[in-house]
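Visitor: dropping a prediction and its sequence here:
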Amino acid sequence: MRGVPPLFARSQQNPPVTMQPTDLRRALRARRRELDAGFRAEAAARVASRIASQPAFTSAQRVAVYIAFDGELDPAPLVDIARACGKDVLLPVLQGDQAMHFGLWPAAAELSSNRFGIPEPHATERFAARDVDLVLTPLVGFDVQCGRLGMGGGFYDRTFAFLLDDAEARPRLFGLAYDCQRVEQLPRQPWDVPLAAVVTEAAVYCA
Ligand SMILES: Nc1nc2c(c(=O)[nH]1)N(C=O)[C@@H](CNc1ccc(C(=O)N[C@@H](CCC(=O)O)C(=O)O)cc1)CN2
Ligand SMILES: Nc1ncnc2c1ncn2[C@@H]1O[C@H](COP(=O)(O)OP(=O)(O)OP(=O)(O)O)[C@@H](O)[C@H]1O
C-alpha cells in the first residue's frame, strides 16, 4: 500500500488538540482534500473490504451510507458490495430542525441536492434512525476512543441522541475516514454520540 503522501509527514499527523474546533475542522478538511486520487481510491477499496468482513455489516439488512464530498472517504465500493449482497442501502435525508431520516437508495433512484449541495433521495421509502442496522458516518476528525468531529451541524449527534441512553440500541455507528484524520484526543461534549468503530485504510479502531 502506498503510504501517507509526503505532504502529511509523521510530524504533521496530529494537529494540536488545543486547537479550537473551527480551526481543527479547517485543518483536517484541508488535509483530506489534498490527498491524491490514487491514494483515495485505494483507501476507499481497503476500507470497504475491512467493513465487508465485520459482523455488524454481514448481519445488517439496512445500511446507511453517504455521498462523499469535500474529500471524504468514499463509501462507493461498499455500496456495490452491499447491493450485491441484497442489502438495502440508505442515504441521509435532512429534516427541518437539523436532524435526519434515511431514504432508500436503489441503484437507479433519482437524487436531488439538499441545501448543502449533497444529493439525497426524495421519492423513495423513508426510515427512522432507529430502523437502520448499520450507519457509516462521514467525519472530519476522530480519536482512538472513537470520538467523532463532524462538519459542525450536529446532524449525526441530534439524530442518534437516543443511543446515549441505551448503548445496546441499534443502529451501530461506524465512522469512515483516512488515517490522517486521526487526532490525539478530541474534547468530548455531553451531546457527542460516540462511534462503535472507526475504519480507515490502515486500521479498525474499536471503542
Ligand atoms: N457526505 C456527507 N453527507 C452528509 C453529512 C456529511 O458530513 N457528509 N452530514 C453531516 O452532518 C449531513 C449534512 N451536514 C452538513 C453540514 C455542513 C456542511 C457544510 O458544507 N458546511 C459548510 C457551510 C455551508 C453553509 O452554511 O451553507 C462549511 O462548513 O463549509 C455540509 C453538510 C448529512 N449528510
Ligand atoms: N442532541 C442534541 N441536541 C441539541 N443540540 C445538539 C445535539 N447534538 C448537537 N447539538 C448542537 O449541534 C452543534 C454542533 O454539534 P457538533 O459540533 O458536535 O457537530 P458535528 O458532530 O461536528 O456535526 P455533524 O454531525 O453535522 O457532522 C453543537 O453546538 C450543539 O449545540
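Guide: All right, it came through fine. Ligands and ions are numbered 1, 2, ... in the order given.

Visitor: pretty sure V93 sits against E120.
Guide: Yes: using CB atoms under 8 Å, V93 makes contact with E120 at a distance of 4.8 Å. In this view, the C-beta of every residue, glycine as well, is placed from N, C-alpha and C.

Visitor: now do the shared contacts for those two.
Guide: Residues touching both V93 and E120 (CB atoms under 8 Å, 6 or more residues apart in numbering): G103, N114.

Visitor: okay, these two: which has more neighbours?
Guide: Ranked by neighbour count (other CB atoms under 10 Å), V93 and E120 place E120 first, with 21 against 17.

Visitor: any idea how far that one is from A109?
Guide: 10 Å (CB to CB, to the nearest Å).

Visitor: write out the residues of the protein neighbouring ligand 1.
Guide: Proximity of the chain to ligand 1, by CB under 6 Å from any ligand atom, involves residues 66-69, 72, 92, 100, 116, 118, 138, 150-151, 153, 155-156.

Visitor: now the longest strand along the chain: how far from the chain's centre is it?
Guide: Counting residues, the longest strand found in the chain (DSSP state E) is strand 88-94. Offset of strand 88-94 from its chain centre (CA atoms, centre = their mean, to the nearest Å): 13 Å.

Visitor: sheet partners, orientation included, of it?
Guide: If you go by DSSP bridges, strand 88-94 pairs up with strand 62-64 (parallel), strand 100-104 (antiparallel).

Visitor: so does the shortest one get close to ligand 2?
Guide: Right, the one you point to is strand 62-64. No: between strand 62-64 and ligand 2, judged by CB under 6 Å from any ligand atom, nothing touches; the nearest distance is 13.2 Å.
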